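S.K.: Give me coordinates for this.
(one chain, ligands or ions: 1)
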Amino acid sequence: MTRTDLSIQPDILKTERLQRLASLVPPCECMVDVGTDHGWLPIALVKAQVAQRAIASDVLPDPLKSAHKHVRMHNLLEVVDVRLGHGLSTVKPNEAEVATIAGMGLKSILSILHDNPPDTLGIKTLIIQTPQVDNTLRAHFVNELQWHVSHEEIILESQKLYHMLVVHPQQKPDAPHAPTSALDQMISKTLQESQSKEALIALSDWLAFRHNLRINGMKRASSPDENALKEAILQHQALVDFKEKLQGNQD
Ligand SMILES: C[S@@+](CC[C@H](N)C(=O)[O-])C[C@H]1O[C@@H](n2cnc3c(N)ncnc32)[C@H](O)[C@@H]1O
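M.R.: Okay, the predicted model is just below:
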């Protein structure tokens, strides 16, 4: 269950990005925020009584100091535990039902999930928010880990894109991820069908830019992989066509 209709502690969660993240957290006994930094998300969720308790976790001492200061400022030291460590290593089995990981790139997210798998810790809902919009994350959850993805969206805030996924490590996926076109390989059907034109245009631009860099790099190589180059050019064209179609629909 998600609560997209409420705004959660807007004096604490001041960006749309953090508001959206909070709105996807289901009511729970305990949640853990991995890479909490300032600690605002667990503080807001406990204050709003979405979570009865929370763990604010970070790998670096300085962010944790700031989280600790904010938790103390809100008189929540008894219900928000501040813990130092890598990823989910700070959580005991069956201690938290919900985990959030926000503000990290794909490599860090994948290493966190690999090193302390959330399904072995009893985590039922995992909410990811990353500035790297990449369909490989969804495919990894569905095809490799066989976890159910219940929600996917992109957020465009101050010209920056964020990818959000709500994943259930203890549930099987509805259907395998089987991209049928070059476009589907890069932007999931769910996103294509559910997101605003503005966000999809920004996403196509961003992906086309990255493809261009890759294509130029491959062309400069002494012996380019012709098949990979051909595929990248096809994908780039699919993004350009998709953007033109979206812009056409806007008129
Ligand atoms: C950009 S901040 C994001 C803060 C907050 N989650 C947000 O979205 O506003 C990333 C935080 O993740 C922490 N971090 C990076 N790698 C981590 C890891 N492997 N385990 C736990 N925290 C990590 C960093 O120390 C930093 O505080």
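S.K.: hey, let's count contacts and neighbours off CA atoms from now on
M.R.: Fine.
S.K.: Just the element for the closest residue to residue 192 other than its chain neighbours, please.
M.R.: Distances taken as C-alpha to C-alpha, 6 or more residues apart in numbering place residue 200 nearest to residue 192, at 7.3 Å, with adjacent residues excluded. Taking DSSP states H and E as the criterion, residue 200 maps to helix 197-220.
S.K.: So which bits of that helix are buried?
M.R.: Neighbour-count burial for helix 197-220, with 16 or more other C-alpha atoms under 10 Å as criterion, is recorded at 197, 199-208, 211, 215, 218.
S.K.: what angle sits between the helix or strand following it and helix 197-220?
M.R.: Per DSSP H and E, helix 197-220 leads on to helix 226-250 as the next helix or strand towards the C-terminus. Helix 226-250 and helix 197-220 are oriented at 160 degrees to each other (axes from the mean of the first three to the mean of the last three C-alpha atoms, to 10 degrees).
S.K.: Run through the neighbouring helices and strands of the helix holding residue 200.
M.R.: Helix 197-220 sits against strand 148-157, strand 160-168, helix 226-250, with contacts defined as 3 or more C-alpha pairs under 8 Å, 6 or more residues apart in numbering; DSSP states H and E.
S.K.: re earlier: any idea of the pLDDT on the residue nearest to residue 192?
M.R.: At residue 200, the model reports a pLDDT of 95.
S.K.: Residue 158 now?
M.R.: 89.
S.K.: got it, and the one 4 residues further on?
M.R.: pLDDT recorded at residue 162 is 96.
S.K.: how distant is the helix or strand bottoming out on mean pLDDT in the chain from the center of its chain?
M.R.: In the chain, no helix or strand scores lower on mean pLDDT, DSSP states H and E than helix 135-139, which sits at a mean of 89. On the basis of C-alpha atoms, centre = their mean, to the nearest Å, helix 135-139 sits 11 Å off its chain's mean C-alpha point.
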